[in-house]
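Colleague: need a 3D model of the sequence below.
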Amino acid sequence: MIRSRVEHVFADQKSQTGLFVRTFDITRATMRIGLANIVYNMRRFLFLEPINASA
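Modeller: Numbering: from 1, shown residues only. Have a look, this model is predicted:
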């Protein structure tokens with residue numbers, strides 16, 4: 001089910017980053033959502049790709 005693949009992203013952004021967009025300016029809202037997406041993607045990347053300490 002495609003819906004269930006997306007819901008965890010929004011739940012994580014709401015709970016971890018406290019994402020609550022309340023602004024009159026669409027540019028600021030877009031920027032805030034975009035930054036929350038970048039943070040989520042970076043956290044997922046670090047979780048999925050362990051850093052090798054022996055490098």
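Colleague: C-alpha from now on. contacts and neighbour counts both.
Modeller: OK.
Colleague: tell me where the chain has helices.
Modeller: Using DSSP state H, the helices of the chain run over residues 2-16, 26-48.
Colleague: what's the most buried one of those helices?
Modeller: Among these, helix 26-48 has the highest mean neighbour count (mean count of other Cα atoms under 10 Å), at a mean of 13.
Colleague: tell me the pLDDT of Ile38.
Modeller: As predicted, Ile38 sits at a pLDDT of 91.
Colleague: tell me how far it lies from Phe45.
Modeller: Distance, Ile38 to Phe45, using Cα to Cα, to the nearest Å: 10 Å.
Colleague: then Arg28?
Modeller: 26 Å.
Colleague: still on that earlier bit, in terms of mean pLDDT, which of the helices of the chain ranks lowest?
Modeller: Among the helices of the chain, helix 2-16 scores lowest, with a mean of 71.
Colleague: just want the most central residue of the chain.
Modeller: Geometric centre of the chain, nearest residue: Tyr40, 2.8 Å, by Cα atoms, centre = their mean.
Colleague: how much space between the closest residue to it other than its chain neighbours and Phe24?
Modeller: Distances taken as Cα to Cα, 6 or more residues apart in numbering put Gln13 closest to Tyr40, at 7.1 Å, once the chain neighbours are dropped. Distance check for Gln13 against Phe24: by Cα to Cα, it reads 21 Å.
Colleague: for Glu49, same thing?
Modeller: Glu49 sits 38 Å away from Phe24, going by Cα to Cα.
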